[in-house]
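Trainee: pasting a predicted model and its sequence here:
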Amino acid sequence: FNLPSAGSIRLDGNVLLFTIGIALLTTVAFGLASFWQTTRGNLNVTLKEGGSQTGTGPTQSRLHNLLVTCEIALSLALLVGAALFGESLYRLHQEKLGFDPQNLVTMTTPIGRARNLAADQVWNFERQLLARIQSLPGVNSAAVVTVAPLTGQANLPAQLLGNNDAEHSFGGTEVRAVSTGYFTTMRIPVLRGRGILENDAAGTSPVAVINEALARRWWNGGNPIGERIVIGSFQGHNLVNHLEPPREVVGVVADVKGKVLVRPAPPMVYVPAAQNRVMLGGATDWVVRTSSSTDIASALRQAVLDVNPEQPITAIHSMTEVIAGSVAGASFDALLVGLFAGIALALASVGMYGVLNLYVTQRTHEIGVRMAMGAHPRQLLKLVVAQGLGLALAGVLIGTAIALGLSRVLTTLLYQVKPISYAPYLVGAILSLAVAALASYLPARRAMRVDPIVALRCE
């Protein structure tokens, strides 16, 4: 699991002291409760209820059974929660990205605004470094982009030229300056028209490629090729400032996720990096497609040094690592709830084992009588296991009701998962009953091995 900010996780002294205090308070409270229960009882009543086993009469047995049932109920609720988070995480990993992340590496170099460079100076550096990277062994293709998918956003207002209305204006258009070969490197399909070409250089007619989301928004299934769009600033839905000349739409590409994986692909405009006159942030991202999963980080660093020894690099990651980082929060939620569910289920099984073990101890004399009367050991096995499964079944029913209530609260934390999906409840119930059966089997085996002669001597 790729945990968010895992490196910043530290043991907090206040939390540690609070945890120790709660543990001590719980121990003392339950110890005093047991002591009070033992000393307050009438000796004659205790002997009548539990024979020689003080403090284990019907009242106490019912309390033990209730506690075990509650443990199973809570563990089932956590199991269902863990299953829901797990399914949500699975669906996140199955989400269509719009590009192929395999054997794809990203690198970030801070330039542009950060160093007060003009757009043509930025492109000159990018062009030199791009040629150097493309010559590296094992590199199939490479390209530059102002912001790589799932790493950030760079939105500017855009409008269909000549349409000063809300329908053909969008203030949150994601704008990307990309080099030739970007769509090939990312394996983003060109659906209509063409992509960015080498001759889309400075001084030539400004062009743009848009994604499906923007084509649907402004043309609703029509043909956007040849139309012109402008990037600028709005006052309401009126374009009041052109940041650059209008651009002709020359192609439509498939949708690609923006900054957030769980959100639909935003409307996006791709412009040639060689024609970029709008600085879109203080960094450039590089996407490199390799022939295998070989680590090329050191080769990329050396390539940057060869072009400009003073150029810093802020990050080099594989795209699979970028994707893992985008779902890190969901991974952490699933891990945490699953861990709590496992601990709760373990505690419930230990509690059930203790209760049933006490049950066998209390009924040793009865077991001896049954065996002396010809009862088969398997009947005793069924007797004890049925007792345990009865508690487990009650816990499952209560836990299911709790889980149904909590799952509605978790809806905002889940991705494309229905909180009433039957699968998590079924899996949680089966797992709870299986663990309960196992916890019941050990005391049941002990009951099967009781010596009738020894048991009949027990009072």
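Mentor: Alright, I've got the coordinates. Please read these numbers as outputs of a predicted model, since none were measured by experiment.

Trainee: distance check, residue 411 against residue 427.
Mentor: According to Cβ to Cβ, to the nearest Å, residue 411 stands 19 Å off from residue 427. The way it works is simple: take the backbone N, C-alpha and C, and place the C-beta from them, glycine included.

Trainee: compare these two (neighbour count), which wins?
Mentor: A side-by-side neighbour count of residue 411 and residue 427, using other Cβ atoms under 10 Å, places residue 427 first with 15 against 11.

Trainee: buried ones in stretch 427-435?
Mentor: For stretch 427-435, a neighbour-count test (16 or more other Cβ atoms under 10 Å) marks 428-429, 431-433, 435 as buried.

Trainee: just name the closest of the residues you listed to residue 121, please.
Mentor: residue 428 (60.1 Å; Cβ to Cβ).

Trainee: what sits against the closest residue to residue 172 other than its chain neighbours?
Mentor: Excluding its sequence neighbours, the residue lying closest to residue 172 (Cβ to Cβ, 6 or more residues apart in numbering) is residue 155, at 4.8 Å. Going by Cβ atoms under 8 Å, 6 or more residues apart in numbering, residue 155 touches 171-175, 266.

Trainee: residue 352 contacts residue 392, doesn't it?
Mentor: Yes - Residue 352 lies in contact with residue 392 (Cβ atoms under 8 Å); the separation is 7.3 Å.

Trainee: now for the two: what residues contact both?
Mentor: 72, 436.

Trainee: which of those two has more neighbours?
Mentor: Of the pair residue 352 and residue 392, residue 352 is the one with more neighbours under other Cβ under 10 Å, namely 31 against 28.

Trainee: which residues sit in contact with that one?
Mentor: Counting by Cβ under 8 Å, 6+ apart, residue 352 has contacts 68, 71-72, 388, 391-392, 436, 439-440.

Trainee: which one of those is nearest residue 98?
Mentor: Distances from residue 98 to these, taken by Cβ to Cβ, are shortest for residue 72, at 44.7 Å.

Trainee: so that closest one sits against residue 347, correct?
Mentor: No - the pair residue 72 / residue 347 is not scored as a contact, 9.9 Å apart, by Cβ under 8 Å.

Trainee: who has more neighbours, these two?
Mentor: residue 72 (30 against 15).

Trainee: distance check, the residue positioned nearest the centre of the chain against residue 345.
Mentor: The centroid of the chain falls nearest to residue 330 when counting by Cα atoms, centre = their mean (1.9 Å). Separation of residue 330 from residue 345 (Cβ to Cβ): 22 Å.

Trainee: do the same with residue 357
Mentor: Taking Cβ to Cβ, one finds residue 357 at 18 Å from residue 345.

Trainee: now the top strand by length along the chain: buried residues?
Mentor: The single longest strand within the chain, with elements called by DSSP state E, is strand 169-178. Of all the residues in strand 169-178, those buried under the rule 16+ other Cβ under 10 Å are 169-170, 173-178.
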